[in-house]
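Colleague: Predicted model and sequence below, questions to follow.
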Protein chains: 2
Amino acid sequence: MSKKVLIIGGVAGGASTAARLRRLDETLEIIIFERGEYISYANCGLPYYIGDVIKERDALLLQTPEAMMAKFNIDVRVNHEVLSIQREVKEVTVKNGKTGEEYREAYDTLLIATGSSPIKPPIPGIDGPGIYTLWTVPDTDRIKQFVREQKPKKAAIIGGGFIGLEMAENLHAAGCQVTVIEMQNQVMAPMDYEMAQLVHENMRMNHVRLELGDGVKEFRQKEGATTILLQSGKTVEADIVILSIGIKPNSELARKSGLTLNAKGGIVVDEFLKTSDPSIYAVGDVIEVEEYVSKNRTMIPLAGPANKQARICADNIAKEYGLLAGKPEKYNGTQGTSIAQVFDLTAAATGVNEKTLTSWGKELNRDYYIAIINQKSHAGYYPGATPLTLKLIFNQEGKIFGAQIVGQDGVDKRIDTIATTLRLGGTVHDLAELELAYAPPYSSAKDPVNMLGFVAENILSGLVSIVGWNELENLAQSGSEDYIILDVGEDLERMAFSIPNSCHIPLGQLRKRYQELDKEKLIIPYCAIGVRAYNAARILMNLGFKNVKIFPGGTTFYKSVF
Amino acid sequence: MSKKVLIIGGVAGGASTAARLRRLDETLEIIIFERGEYISYANCGLPYYIGDVIKERDALLLQTPEAMMAKFNIDVRVNHEVLSIQREVKEVTVKNGKTGEEYREAYDTLLIATGSSPIKPPIPGIDGPGIYTLWTVPDTDRIKQFVREQKPKKAAIIGGGFIGLEMAENLHAAGCQVTVIEMQNQVMAPMDYEMAQLVHENMRMNHVRLELGDGVKEFRQKEGATTILLQSGKTVEADIVILSIGIKPNSELARKSGLTLNAKGGIVVDEFLKTSDPSIYAVGDVIEVEEYVSKNRTMIPLAGPANKQARICADNIAKEYGLLAGKPEKYNGTQGTSIAQVFDLTAAATGVNEKTLTSWGKELNRDYYIAIINQKSHAGYYPGATPLTLKLIFNQEGKIFGAQIVGQDGVDKRIDTIATTLRLGGTVHDLAELELAYAPPYSSAKDPVNMLGFVAENILSGLVSIVGWNELENLAQSGSEDYIILDVGEDLERMAFSIPNSCHIPLGQLRKRYQELDKEKLIIPYCAIGVRAYNAARILMNLGFKNVKIFPGGTTFYKSVF
Ligand SMILES: Cc1cc2nc3c(=O)[nH]c(=O)nc-3n(C[C@H](O)[C@H](O)[C@H](O)COP(=O)(O)OP(=O)(O)OC[C@H]3O[C@@H](n4cnc5c(N)ncnc54)[C@H](O)[C@@H]3O)c2cc1C
Ligand SMILES: Cc1cc2nc3c(=O)[nH]c(=O)nc-3n(C[C@H](O)[C@H](O)[C@H](O)COP(=O)(O)OP(=O)(O)OC[C@H]3O[C@@H](n4cnc5c(N)ncnc54)[C@H](O)[C@@H]3O)c2cc1C
Ligand SMILES: CC(C)(COP(=O)(O)OP(=O)(O)OC[C@H]1O[C@@H](n2cnc3c(N)ncnc32)[C@H](O)[C@@H]1OP(=O)(O)O)[C@@H](O)C(=O)NCCC(=O)NCCS
Ligand SMILES: CC(C)(COP(=O)(O)OP(=O)(O)OC[C@H]1O[C@@H](n2cnc3c(N)ncnc32)[C@H](O)[C@@H]1OP(=O)(O)O)[C@@H](O)C(=O)NCCC(=O)NCCS
C-alpha cells in the first residue's frame, strides 16, 4: 500500500517538500495542512506590497490549493489547523476552521514545517488599535487597508531587524514620517556597529528618526493615535505601529507531543532533518540548525535555508521508502547569509560577526583579524560607480569567519562570492585569487572581494595594521599624546574635511618630510579611501617606523562611524 | 647595494608590479619603460569613451609618470621602447622615442609586461584609411576624432570577440548603422553556439547586421568609404572599419633574446612567473598560462589575471632578494572568467565551454553533461525581474567544467558565484547548497545558481534528461516518427506560440490524459521556462515512460536558438 505523508504548514518549507516529493514519486499520498487561508505565498514580498512596489496582491500568491492538486496531485487543506500529534498511533488531530469539525488523520511520515511567529511581549497597550505585526497575507491586508483608509502620517517601527527596516522604507514610501525604535544601539543585528552606522546615517538622511538603545515601556491610545513611551522617558507619536521585535518558532505542537526542543523552543533535528521521533521530520524556521562557521546549534529563520532543507527532507523521505536510490542526505548547516534593501543602501552579511566572536571571548588581533575597505562597485572611470564598504573577519590561518557589506550597488554580488568561498572552506588567500568577471560596467580588474583578500593577506603577513574605530575612540578619550593621526590626502581634500587633531603630509611628499614625524609614536595615516593611507604606512614602515596603523575605510567611513 | 628592477610595459601588469614592489621595499631601484605615451591607463574603458559613455578622456588615465614618481618613487620613462635584451650581461637596450637616443640599462631583475597587440592579417586594402584597430589611447583618439569629424553613418566591425562587440555597441551609440563580420558561425567565442544565439537575436533586434561564418577577402576604398568584399561574395559598405580579429603577444623581444616561447609566441613561465632565464619574469597578455580546469597551457589575455600575476610576481621578486619572508608564491592558473555588455544583454562565461570539450574528443552524456535553465534575475513577484539563461557543463562526479550566462541583469553575480565554486574545486552539489543572499530585489529563495545545481544533480541521478538543441534539430530533419514533442503549457500560451508538430496536454491534465501518449516513443515535454516540462517529465517517468527528455530553457530559448 502506498505510504502517507502529512505536512503541517503550506508555505516555504511545507509546499517545497511536497512538490519535490511528488516529483520523486507518484504514488505517495501527500496532504498539506495549512491553518491560514493561503499556501505558497511570498512572505518576503509582503513589505513591498504595502509600499506599493509590488502592485498586484495576486503576485504574492505563488500557488493555490487547486493548482497544487492539478500539478502535483497534492491534497492541500487550507484553514486546517493541526491541533496535536498522537505519536504513539502516528496520527494528527486537525481542526477544519471553516466548519469547526475536528478529525484525525494517520501518517506514515509527518513533516513539521510550521514556521515561526512574531513575538508580542507583554508591554502595556500592545494590543491597541493601529498596532500591527507583519507576518502573513491577512496581516498585510490589514496594514494595507489601514494605510489606504487612514492615511497615517506618522509610523513607528518597533525593532530594527530587516523586516522592520523594510517596513520603515515601505511606510516611508507610502508617505509616512517614520521612527524606528530599537533596544540595541544599532539596527540590523547581523552587522557590527560600525557597519550599521552607515545604515543609520542613510536612514537619517532619509528623515527617519532613530531611537536606538531604547525600549518601549508602554503604548497609550489618544484620539486614534498611539503615544509610545520609551524606557528613556522619551515619547514617540504614531498613527500606525509595526512590531517587529523578534520571532519565536511555532513549535507548540512539537512540544506538546514530546519532541525534543532546544532552549529557544526550536525543534532539534539530526543532520538528516529528522526530529527525535523517527517518523517525524521538521524543516524551516521551526528547527534548530547548525551554524556553519562555528558549528554551534542555533536558530536562523530564512527562506533560502527553508527551501533547501525542504528539498533534502523530501529526498530523505523518499529514500526511506526506497523511492529514490542512495544514502540519506545531510543538511550541512546555515551560514546566515542575509541581505536587505534599506533606503538608498543595501546591507548584507554572511557568517559570524565580530559581536558574536567577542561574546565568545575571542580577542581581536589574536583570535581574529579584521579588514575593512572601501571600494567602488565597478571601475571608477565607468559612470555610476558607487562606494562599497566591506568588512571581513578572519583568523591567522586565513579562515573566514564572516563578512559584512554596505553600499548602493553590487553588494549582493560581493556577499555572494564571499558566502560561496566561506561555504567551500576557502581562505582569505582564495579571495585574493578568485577570478571574477571583469568589464568596466561590472567590476574592477581587482574586484572588491579580491581587494579584501589582498588586505587580509597584508594584515596576516604584517605588511599593514589596522586601527579599530573603537581603538581610535579610546585613544582620543585617553588624552594620550603618543599617537599622531596623519592625513596623507591632498590639500584640497583637507580643506573639505579633516579628522580633528590630525597633521597633514600629502602622500607624494612623505618621502621628503617623514622626519617631521616622531618615530616613537603610533602613526595613524588616513585618506579618503584607505589606499593612500596604506601606501603611506608602507613607506613609513620601510623607513623604520615601528608602530603604524591605518584607519581603514577612509574619511567617508570615519564620518559615518563617528 | 640596492637591487635594480627594470620593467618593460607600464600598464596593467607592469605598473601593478612596480607599485606592489615599492610597497614591499623602499630601496629597490625600479624603472618602467613604456614605449607609448601613457602608463596605467584603462584599456578596458576605451570603447566606452568612443561611445561617449565615459565622457572624460582623463578618466582613462589612472596614473601619470609624475604621480608614480611622487607616490611610488618609480622612474617611469614613457616614449621609451626597449629594443633588445642582452641577457648575458643583464642589460636592455632602450630607445628614447623623443630624442631618438639609444642607451643601455642594466638590471638585476627584469620583468616583461609587454602585453599584446591586435593582429592585422595581410588582407588586401587592410591599411586603407578609415580602417582602425583599437588597443591604445592613441588608437582611441584617432577613432574618436574620426567619428567626431566624419560622422560615419555605417560601421563595420571585423571580428565578434568582446572588444568587437563593445565597439559595435559604442559605434551604434555614436549613431552608426553597424555590421559585424565574423568567420565563425557565432560571436563571443567563449560562449557555445546556442548561448551566442541569444546575443545574436538581441543584436539583430538592435538593427545590427550580422555576417557570420564569413570572412573578409578584400577592403576597397571608394569615395572616402570602404567596400568590404566577403569570402561569400557579399559586400558590406562602411565609413569606418574596426578590426578586432584577434591578438598576438608582444614577445618579439623575448624571442630575439632566446627566451622559451610557446607555439603561439607566448612567453613560457614557470608557476612562479619566471621565464626560462632566472633573472627574468613575465606577466600579463604576453605569457602562456595554465588553464585552470584542464591544466592545459594556453593564452588568456585578460586584465584580472594580469593584475593578479603582477602582485604575485612582485612578491616573488621581493622574496628572491629577502625583502619579504616566505616561500615564492604560485600563480595557480587562469580560468578565463569573462563578461561583456552587448546592447541590452550581458554575456559571461567561466571555465571551459562545450565546443572546447568536443574538440578534445569528449562526448556529451558520457564525458560531460549539460544543464541549461531559464530563471529570473530576482523574485518574479518583485518588479524588474528579467530572464537569465544559464548553461552549466559538468561531469559524472559533479565536477564543474564551465558555465555561460546570458541575460539583462544579474549575470555578473551568477557567473561570479559559479567561478568561485569552480575555483575552489566545488561540485554541482555545492552549487545546490550555496547559501546566497536572498531578499526579493536581489534573488529568489532558490538562486538561479542553486537551481542550476539542482538540475545538474537531477541529471546525474537520472531524474531528468535533457534534449540538446542540435539533437532536436537532427530529430526534426530525420523525419523520424519515434518521438513526440509535448507542449505542457496552458491553452493561452499555446495560442501565442507552439513548436511545430508538437502535441498539447497542459501539465494539470497530464495525469488524466497520459494514455494519449505512446509509451514506446521518446517524449519531449516543453513549456515556457522548463519547470513545468520537468514536472511533466517526472510524472511520465513515474508512470512508466522510459524515454523522456525535456527541452531545456523553454520556448523563449527555443525561439532564440532556432
Ligand atoms: C515580512 C517577511 C519578510 C521576509 N523576508 C525575507 C527575506 O527577504 N529573505 C529571507 O531569506 N527570508 C525572509 N523572510 C523569512 C522567510 O519567509 C521564512 O524564513 C520562511 O518562510 C520560513 O519557511 P517555513 O516553511 O519554515 O515557515 P512559513 O513559510 O512561515 O510557513 C509556515 C506555515 O505553517 C503554518 N502553520 C503553523 N502552525 C500550523 C498548524 N498547527 N497547523 C497548520 N498550519 C500551521 C503557518 O500558518 C504558516 O503558513 C521573511 C518573512 C517575513 C514574514
Ligand atoms: C579595448 C580593450 C578592452 C578590454 N576590455 C577588457 C575587459 O573588459 N576585461 C578584461 O579583463 N580585459 C580587457 N582587456 C584586456 C586587458 O586590457 C589586458 O588583458 C591587460 O591590459 C593586459 O595587461 P598587460 O600588462 O599584459 O598589457 P598592457 O596593459 O597592454 O600593457 C603592455 C604595455 O607594454 C608596452 N610595451 C610593449 N612592448 C614594449 C617595449 N618593447 N618597450 C616598452 N614598452 C612596451 C605597451 O605599449 C603597453 O602599454 C581589454 C583590452 C582592450 C585593448
Ligand atoms: C511554489 C512552490 C510550491 C514551488 O516548489 P517547487 O516546484 O519545488 O519549486 P520551483 O517552481 O522553484 O521549481 C524548482 C524545481 O524545478 C527544477 N527546475 C527549475 N528549472 C528547470 C529547468 N529549466 N529544467 C528542469 N528542471 C528545472 C529544479 O531542479 C527544481 O526541482 P527539484 O527540486 O526536483 O530539483 C514552493 O517553492 C513555494 O511554496 N514557494 C513559496 C513560499 C516561499 O518560498 N516563501 C519564502 C520566500 S518568499
Ligand atoms: C594604477 C596602478 C598602478 C595601481 O596599482 P596598485 O597601487 O597596486 O593598485 P590599487 O590602487 O588598486 O591599490 C591596491 C592596493 O591597495 C591595497 N588596499 C586597497 N584598499 C585598501 C584599504 N582600504 N586599506 C589598506 N589597503 C588597501 C590593496 O591591498 C593593494 O595593495 P597590495 O597589492 O600591496 O596588497 C595599477 O593598478 C594600474 O596601472 N592600473 C591600470 C591599468 C590596468 O589595470 N588596466 C587594465 C584594466 S582597465
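Modeller: All right, it came through fine. Ligands and ions are numbered 1, 2, ... in the order given.

Colleague: for ligand 4, what are the nearby residues on the stretch 251-400 of chain A?
Modeller: A:373-374 (CB under 6 Å from any ligand atom). Every C-beta, even on glycine, is put in place using the N, C-alpha and C of the backbone.

Colleague: Just the closest residue of the stretch 251-400 of chain A to ligand 4, please.
Modeller: Closest to ligand 4 within the stretch 251-400 of chain A is A:Ile373: 3.7 Å, counting by CB to the nearest ligand atom.

Colleague: Wasn't that residue part of a helix?
Modeller: No - A:Ile373: not assigned to a helix; according to DSSP: H, G, I helix; E, B strand; the rest coil it is strand.

Colleague: Where does the prediction get shaky in chain A?
Modeller: Judged by pLDDT under 70, chain A has no weakly predicted residues.

Colleague: Pretty sure A:Gly102 sits against A:Val82.
Modeller: No Gly there; residue A:102 is Glu. No - between A:Glu102 and A:Val82 there is no contact under CB atoms under 8 Å: 10.6 Å.

Colleague: Show me which of those two is the more surrounded one.
Modeller: Higher neighbour count among A:Glu102 and A:Val82: A:Val82, with 22 against 12, using other CB atoms under 10 Å in any protein chain shown.

Colleague: Just the buried residues of the one helix or strand the more buried one maps to, please?
Modeller: Assigned by DSSP states H and E, A:Val82 belongs to strand A:80-86. In terms of neighbour count (16 or more other CB atoms under 10 Å in any protein chain shown), strand A:80-86 has its buried residues at A:80-82, A:84-85.

Colleague: got it, and stretch A:366-378?
Modeller: Residues of stretch A:366-378 classed as buried by neighbour count (16+ other CB under 10 Å): A:368-378.

Colleague: what do you get for stretch A:240-258?
Modeller: So, applying 16+ other CB under 10 Å, buried residues of stretch A:240-258: A:240-245, A:247-251, A:253-254, A:257.

Colleague: Mind putting the residues you listed into JSON lines with distance to B:Glu66 and secondary structure?
Modeller: As requested, the buried residues of stretch A:240-258 are arranged in JSON lines below (distance: CB to CB, whole Å; DSSP: H, G, I helix; E, B strand; the rest coil):
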{"residue": "A:Ile240", "distance to B:Glu66": "60", "secondary structure": "strand"}
{"residue": "A:Val241", "distance to B:Glu66": "61", "secondary structure": "strand"}
{"residue": "A:Ile242", "distance to B:Glu66": "57", "secondary structure": "strand"}
{"residue": "A:Leu243", "distance to B:Glu66": "60", "secondary structure": "strand"}
{"residue": "A:Ser244", "distance to B:Glu66": "55", "secondary structure": "coil"}
{"residue": "A:Ile245", "distance to B:Glu66": "58", "secondary structure": "coil"}
{"residue": "A:Ile247", "distance to B:Glu66": "59", "secondary structure": "strand"}
{"residue": "A:Lys248", "distance to B:Glu66": "64", "secondary structure": "strand"}
{"residue": "A:Pro249", "distance to B:Glu66": "64", "secondary structure": "strand"}
{"residue": "A:Asn250", "distance to B:Glu66": "67", "secondary structure": "coil"}
{"residue": "A:Ser251", "distance to B:Glu66": "68", "secondary structure": "coil"}
{"residue": "A:Leu253", "distance to B:Glu66": "74", "secondary structure": "helix"}
{"residue": "A:Ala254", "distance to B:Glu66": "71", "secondary structure": "helix"}
{"residue": "A:Ser257", "distance to B:Glu66": "77", "secondary structure": "coil"}
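
Colleague: Tell me the one among the residues you listed nearest to ligand 2.
Modeller: Nearest to ligand 2 among these, with distances taken as CB to the nearest ligand atom, is A:Ser244, at 43.0 Å.

Colleague: In this structure the closest one contacts A:Gly159, no?
Modeller: Yes - between A:Ser244 and A:Gly159 a contact is recorded at 4.1 Å, counting by CB under 8 Å.

Colleague: helices or strands up against whatever helix or strand A:Ala155 lives in?
Modeller: Assigned by DSSP H and E, A:Ala155 belongs to strand A:154-158. Packing partners of strand A:154-158 (3 or more CB pairs under 8 Å, 6 or more residues apart in numbering or on different chains; DSSP states H and E): helix A:162-173, strand A:177-182, strand A:225-230, strand A:235-238, strand A:240-243.

Colleague: make it 7 Å
Modeller: The contact analysis (3 or more CB pairs under 7 Å, 6 or more residues apart in numbering or on different chains; DSSP states H and E) places strand A:154-158 against helix A:162-173, strand A:177-182, strand A:235-238, strand A:240-243.

Colleague: Residue in the stretch 1-150 of chain A with the shortest distance to ligand 2?
Modeller: A:Val53 (33.2 Å).

Colleague: Assumed that residue was part of a strand.
Modeller: No - under three-state DSSP, A:Val53 falls outside any strand and is assigned coil.

Colleague: Would you check that it makes contact with B:Pro383?
Modeller: Yes - A:Val53 is within contact range of B:Pro383, at 6.5 Å (criterion: CB atoms under 7 Å).

Colleague: Look at the two and report which has more neighbours.
Modeller: Neighbour totals were compared for A:Val53 and B:Pro383, and A:Val53 leads with 18 against 14 (other CB under 10 Å).

Colleague: any idea how far B:Pro440 is from the more buried one?
Modeller: 9 Å (CB to CB, to the nearest Å).

Colleague: if we can go back for a sec, ok, which of the helices and strands packed on strand A:154-158 comes nearest ligand 1?
Modeller: Here helix A:162-173 is closest among these (CB to the nearest ligand atom), at 4.8 Å.

Colleague: what are the pairing partners of the strand holding A:Val82, and which direction each?
Modeller: strand A:91-96 (antiparallel) (DSSP bridges).

Colleague: can you give me how far the partner strand is from the chain middle?
Modeller: Chain-centre distance of strand A:91-96: 35 Å, with CA atoms, centre = their mean, to the nearest Å.

Colleague: residues contacting the closest residue to A:Gly161 other than its chain neighbours?
Modeller: Nearest residue to A:Gly161, sequence neighbours excluded (CB to CB, 6 or more residues apart in numbering or on different chains): A:Ser244, at 5.7 Å. Residues in contact with A:Ser244 (CB atoms under 7 Å, 6 or more residues apart in numbering or on different chains) are A:118, A:134, A:157-159, A:161, A:163-164, A:167.

Colleague: ok, now A:Tyr281?
Modeller: A:Tyr281 neighbours (CB under 7 Å, 6+ apart): A:109, A:111, A:273-275, A:313, A:317.

Colleague: and the residue in the stretch 51-200 of chain A that ligand 2 sits nearest to, what does it touch?
Modeller: Of all residues in the stretch 51-200 of chain A, the one sitting closest to ligand 2 is A:Leu198 (29.6 Å; CB to the nearest ligand atom). Applying CB under 7 Å, 6+ apart to A:Leu198 gives the contacts A:345, A:389, A:406, A:560.

Colleague: Sweet, I'm off.
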